[in-house]
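Peer 1: got a predicted structure here, sequence first:
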Amino acid sequence: MKDTDSYHVFYKEETEDSFTKISNITKTNYTLEGLKDETTYILYVTGVNELGEGPGSMKVKASTLSVKRAQMPSYKLINDSNGEGKLTQHIVSAKHVVGSMVNSSLDTDAQSANGLVDDSYESYYRLEDWDDAVSYHQWQWGTTVQLDQEYTMDRFTLAAPMDTVGYGAAAIYYWDSEQNKEVQASNVRIQQKDDGQGRKYYVIKLAKPIKTSRVRFGLTTSGGVRNIMVAEIRFFQYDSLESDIQALFADDLHLTLAKDVDTELLNTLQQRLDTKNHGEYHPDQKALQVELDTAKQLYAEQDTLNDTIAVHANLRSNKDSGISVGGLNAWQPLGISAYAGQELVIYVGNPGMKTGQNSSLSLVATQQHAEASGFAKTVGNLKIGRNEITIPQITSTDVEKGGALYLQYNGNKDTDQYAVRVSSGTRVPTLDLYQVKDKEERMKRIRTYIEELQDFVPNLQQQHEKDHKTEGNEQVSYAYDEKTCVLNITDIMLDQMMYSIPASQVWNAVNDGSVEAGAEKLNASLNAMDDMMTLFYQHKGLTDNFKEGTAQNVKDKNHLPAQHLNIRYMKMFDGAFMYASGNHIGVEWGSTRGLVNSKPVEVDENGKKIGVGTYFGWGIAHEIGHNINQGSYAIAEITNNYFSLLAQADETNNGVRFKYEDVYKKVTSNVTGRSDNVFTQLGMYWQLHLAYDRGYNYRTYADYDEIFKNLFFARVDSYARNTALAPAPNGIKLTLGKDAEQNIMRLASAAAEKDLSDFFQRWGMVMDADTKAYMQQFEKETRAIYYVNDEARAYEIEHGASEGISGRDVATASVSKNDRSSVTLTLGNTADQADAILGYEIVRTTYDQGKQKDEVVGFTMDNKFTDQLGPVSNRSVSYKVTAIDKFLNRSAAVQVSPVKVEGDGSQVKDSWTITTNMLSKDDEQKPAEGEDPCAPQLKSAAYRMIDDGTAEENTYTGASTNADPQITINMGKTTEVTALRYHRGTDERYDMTDYRIEISQDGETFKKLKEGAFDFKDDVATVYFQNADNDPWIATYDAVYVRITALNKKNSTLVIPELDILGPTGDNIEFYNEEAAETASIGILKEDVILQEKDETHEEQKIEKGSLIFTGTYKGNPAYNVVMLYDEAGNIIGGTDAEGSLIANQVIFAPNPQDALLGEVSEGTWVYWIAEKDLNVEQLPEKVRAELYRVDNALTNEGQRLVSDTLLVKIPEILPEITLTK
């Protein structure tokens, strides 16, 4: 401390009461002398200055060491003691270069180091450094010992005077008399030992014995401690016993004996191991005895041992934590089938480990043809050497109990060299092609495997009788059944896939008359699987090929799985054809042959399919997709099918599972939410691939950089694994949450570096605020990518990107048919390259409050399009048609002349979905198959209620046992509803009678509209909705969901042929047909029209002559209708008063109801006028449109909505005079 002049040190033995004080210490370190050996002391310090003595420091506790001898081995000792403090036998001298000798009476000369070999621990060598001739000064420093003659040696021991420092490395230099120079021994190891009495010593072992008379020692301390001390060194004659025992084994793994091993040799070595020298056994006697025992056991069991199996140390789970791939396992087949209760011996070897050490291997037992929930069990971890194992029972099902065995490597070193041999169990054919890149070696292994199958499969039943029936083990003592016999198993291990399927199925698939033919057939199928997995993983952005200099964090997140997928022969759960589970894919008997009976897809250099090869069907790819699908945006039964499409697409529209007609209906439906058809919804993901991948479907790439550049979903998945890599041009970084739809929208925009909001909105998806913020950083995608299809993408690849028809006037369209509730358009184009036209987008145009409203209603690749307009009633409609080319460019839109349609108010049901709590005998559980392998969802017969048919095959019959029956219709978008129509069946006993009808916007919160009893007319009941006051008029509501509850019908069978939801209909407005009415619709009023006579309570009201009037007919209720006129630009037609305000008037005429309520009018007259004083004829527009509105409340205008409008009518240049009469 700065203010301290000196220190006092206080110390005492732990057991004493008082401290001893040492004063006037001026340095910051001090050595206490004369302390007892192996004694614990307590110490503290105080500081002193001119002000006095400060408070004591915190007390510390420390123990002294002993200078007692280390009991080092004497077996084969060369330098026996001549007495403590005397030079040991056969030692001439010892020297050092640096450092010093402490307490050594034999070392009066400066360089003498005889105290190292004087059998005394009082004298020792000390160097205040961390290294002495190991890492530096190798040829100058160190301590040298001269012996009296040459000896053959391979080990030395040394000990320090006290155990205050450890040694981590050593070097040995020795005089080679043949070379006449000093050389360095290679592969020197130093190992710390405990003498059993509390002292440590060190053994220095050489890889090979040396013959020399002079040795120089180098040492390095552990942890860089600068304090090297050596009290004593011992030398030992070489004993070949260890080498001779090691020579019993033919490999470093100690799993195979040398050919010359026999009982006599084993006995001789045992005798040598049991012989003492210097009164001691060999210092490694215990370890050598274990090795010798292993050799004896191998010798005794050599007739039952299977071949040695090398373990792949780079096939392990801890490599795959960053790549987001599921369904993997790291199992490696042993090629052994074993039954429950069977006892096995498994030998494990590793050249760097000793017998008895724990290995990094565990044994996994499986049950043949088991259920997914319990088919495997880790039996335990294995030790180096001999392991006795009893196979556990995994299933209680009444079948043979047992199956294939596997190893799992749990370490973390690619260089680990484990191997195993198994005694007992039944050997089954296994093909290991993991990391086999050489084609000749691959075919050699496949041929050998085919030969094994050829011998094994025909004898399966015989083998079963021998191994199972005759041994009397109840676990497998069953009549032979090839589908359940636990011997009928084989494993084929590829880099990314392992098959665990019946051996007989493989043999039956590849047996083609000869071994060579079978090998070629199997090789082709395995190549197909390899190719398919490469294709799949590249679309996930996973590869093991990276350019030099690629950052490690990129490699860590984007490498291929170290583990493999595992397709296994399994028992299916109810309804499934295949399934994907946590660490395997389950397939049944009938699907196993197809795994080895495929051919690679033949492609050209650009990845275009040119041959007849196919991958493994929809089902296998579907299940693989479940496992490898990126979890952050995975939607089961949809996104996993992307891989199924990859496996079958052929650049044509017929090569995909969905219909593009359905895709186009979805993206022009304006309906929020996913399609209820999973294959149609799959089109969204496929279109992103088509829109941004400019290579043919089967194109693969050389390295990660090329993959990332060329494959859209490689970028998507790469960003999902590491969001930090995603672009953020405005600094808004990519984040992912739990919502798969928000995630895919963000990821897709990142991968495209485009704002894809239009695309996703077309697919019915709704962006949250974070998604919008991230996407809006990017430039808008202007191409119509929601119309892309396979053939359009192929056309662009073949013809190159082009602006094509962008913005050009090439589209043609006209109305060819106008029915009551539909309009048919004839479409065409005048493009120079007609074959480049993909199709036509149709936008329906209507008007509301004078403003144009555009709604996309369809896309077609044909030259005809019919717009179904059931819910559109008495409205004028027009159409804009835009040609879309195969480059996804838009032409200029062509406007179709408007027409007026009547409509019947029936809402179109194309995008509806329906749910019910009723069950029906007609609910269809489609059986699982290769094209839909997982347990298919129940197809509800409820859709019969909204299929626009009332025939028997279209009629729903069902019942609810738990509550009153409920039917919920989701129309997909906000829709105007005014009524529900229910078509009854032929037997009134099964009718819905009492009802409750509710509506909702979100499907959660419902509002009751009406409750009552159905009133049928001609077997149809129509329930019109009213307002909350039950006023006697039809009310219109906005709804997404409509729910019908059949009251008091619990446990009752209901028959419902059809349900319709109606929108507003009936009201109509027209200008006069001047020819038919013989009067003009627009003109100047010739005479006043009195609307209200003056009386005691009323002022006179009239339309003054000279007013500009517009007149026509209407259908509706004059109490709740309002007429408005607009010009072409959407401006209200009116005059201008003195204050400059817009002013116009309107009146609706109806028959006098006398004392009754004013009711519906089938044909009345309306007049809209501008008074002469407010009129400026020069400002009149060329054309005018009338719009008729209806309100629910005439006083408050609540519920105002447009119900009808007219086509545009030309205002005459010369306004005629009009006379109006009552």
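Peer 2: Sure, I can see it.

Peer 1: got the domain ranges for this protein?
Peer 2: According to the TED database, the chain is divided into the following domains: 6-63, 91-238, 246-301, 307-556, 633-799, 811-901, 913-1062, 1068-1218.

Peer 1: make a markdown table out of those and add distance to residue 907 and mean pLDDT.
Peer 2: C-beta here means a position set from N, CA and C on the backbone, and glycine is covered the same way. Output for the domains of the chain, formatted as a markdown table (distance: least, CB to CB, whole Å; pLDDT from 0 to 100):
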| stretch | distance to residue 907 | mean pLDDT |
| --- | --- | --- |
| domain 6-63 | 85 | 90 |
| domain 91-238 | 82 | 95 |
| domain 246-301 | 76 | 90 |
| domain 307-556 | 41 | 94 |
| domain 633-799 | 12 | 97 |
| domain 811-901 | 5 | 93 |
| domain 913-1062 | 5 | 88 |
| domain 1068-1218 | 15 | 88 |
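
Peer 1: do you know which of the ones you listed lies nearest residue 596?
Peer 2: domain 307-556 (4.7 Å; CB to CB).

Peer 1: about what we covered before: as JSON lines, the domains of the chain with distance to residue 595 and mean neighbour count would be great.
Peer 2: Shown next, in JSON lines, are the domains of the chain (distance: least, CB to CB, whole Å; neighbours: other CB atoms under 10 Å):
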{"stretch": "domain 6-63", "distance to residue 595": "69", "mean neighbour count": "12"}
{"stretch": "domain 91-238", "distance to residue 595": "48", "mean neighbour count": "18"}
{"stretch": "domain 246-301", "distance to residue 595": "32", "mean neighbour count": "16"}
{"stretch": "domain 307-556", "distance to residue 595": "6", "mean neighbour count": "19"}
{"stretch": "domain 633-799", "distance to residue 595": "13", "mean neighbour count": "20"}
{"stretch": "domain 811-901", "distance to residue 595": "38", "mean neighbour count": "19"}
{"stretch": "domain 913-1062", "distance to residue 595": "12", "mean neighbour count": "17"}
{"stretch": "domain 1068-1218", "distance to residue 595": "62", "mean neighbour count": "16"}
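
Peer 1: now those as a markdown table including distance to residue 615?
Peer 2: Shown next, in a markdown table, are the domains of the chain (distance: least, CB to CB, whole Å):
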| stretch | distance to residue 615 |
| --- | --- |
| domain 6-63 | 72 |
| domain 91-238 | 51 |
| domain 246-301 | 39 |
| domain 307-556 | 5 |
| domain 633-799 | 4 |
| domain 811-901 | 27 |
| domain 913-1062 | 12 |
| domain 1068-1218 | 55 |
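
Peer 1: where do the helices sit along the stretch 151-300 of the chain?
Peer 2: Taking DSSP state H, counting those that start in this stretch to define them, one finds helices in the stretch 151-300 of the chain at 241-246, 263-273, 285-300.

Peer 1: give me the buried stretch members for the shortest one, please.
Peer 2: By neighbour count on 16 or more other CB atoms under 10 Å, the buried set for helix 241-246 is 241-242, 244-245.

Peer 1: and those, which is closest to residue 159?
Peer 2: Out of those, the member with the shortest distance to residue 159 (by CB to CB) is residue 242, at 22.3 Å.

Peer 1: and stretch 131-147, end to end?
Peer 2: Using CA to CA, to the nearest Å, one end of stretch 131-147 lies 25 Å from the other.

Peer 1: next one: stretch 1196-1215 to chain centre, how far?
Peer 2: 56 Å (CA atoms, centre = their mean, to the nearest Å).

Peer 1: how about a markdown table for the helices of the stretch 151-300 of the chain, with distance to residue 677 added?
Peer 2: Output for the helices of the stretch 151-300 of the chain, formatted as a markdown table (distance: least, CB to CB, whole Å):
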| stretch | distance to residue 677 |
| --- | --- |
| helix 241-246 | 69 |
| helix 263-273 | 73 |
| helix 285-300 | 63 |
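
Peer 1: residue 641: which of these is closest?
Peer 2: Of all the helices of the stretch 151-300 of the chain, helix 285-300 comes closest under CB to CB, at 52.5 Å.

Peer 1: from the contact counts, what lies against that closest one?
Peer 2: helix 241-246, helix 263-273, strand 343-349, strand 385-390 (3 or more CB pairs under 8 Å, 6 or more residues apart in numbering; DSSP states H and E).

Peer 1: from the contact counts, what lies against the longest one?
Peer 2: Yep, that's helix 263-273 we're talking about. helix 241-246, helix 285-300.

Peer 1: mind checking which of these is nearest residue 702?
Peer 2: helix 241-246 (46.4 Å).

Peer 1: quick one: the closest one to chain centroid distance?
Peer 2: On CA atoms, centre = their mean, the centre of helix 241-246 falls 53 Å from the chain's centre.

Peer 1: quick one on the thing from earlier: looking at the domains of the chain, spot the one closest to residue 73.
Peer 2: domain 246-301 (4.4 Å).

Peer 1: returning to what we had before: just put the helices and strands packed on helix 263-273 in CSV and tack on distance to residue 564.
Peer 2: Output for the helices and strands packed on helix 263-273, formatted as CSV (distance: least, CB to CB, whole Å):
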stretch, distance to residue 564
helix 241-246, 36
helix 285-300, 31
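
Peer 1: for residue 847, find the nearest of those helices.
Peer 2: Short answer: helix 285-300, nearest of those by CB to CB, at 93.8 Å.

Peer 1: who touches the closest one?
Peer 2: 241-242, 245-246, 248-249, 254-257, 261, 263, 266, 269-270, 273, 282, 305, 345, 347, 354-356, 385-386 (CB atoms under 8 Å, 6 or more residues apart in numbering).

Peer 1: pretty sure residue 484 is touching residue 369, no?
Peer 2: Yes - Residue 484 lies in contact with residue 369 (CB atoms under 8 Å); the separation is 5.7 Å.

Peer 1: quick check: neighbours shared by these two?
Peer 2: residue 399.

Peer 1: rewinding a little: most widely separated two among the buried residues of helix 241-246?
Peer 2: The widest separation within the buried residues of helix 241-246 (CB to CB) is 7.3 Å, between 242 and 244.

Peer 1: all helices for the stretch 501-650 of the chain, in order.
Peer 2: Assigned by DSSP H, counting those that start in this stretch, the helices in the stretch 501-650 of the chain fall at 503-510, 515-539, 552-558, 589-592, 617-628, 641-646.
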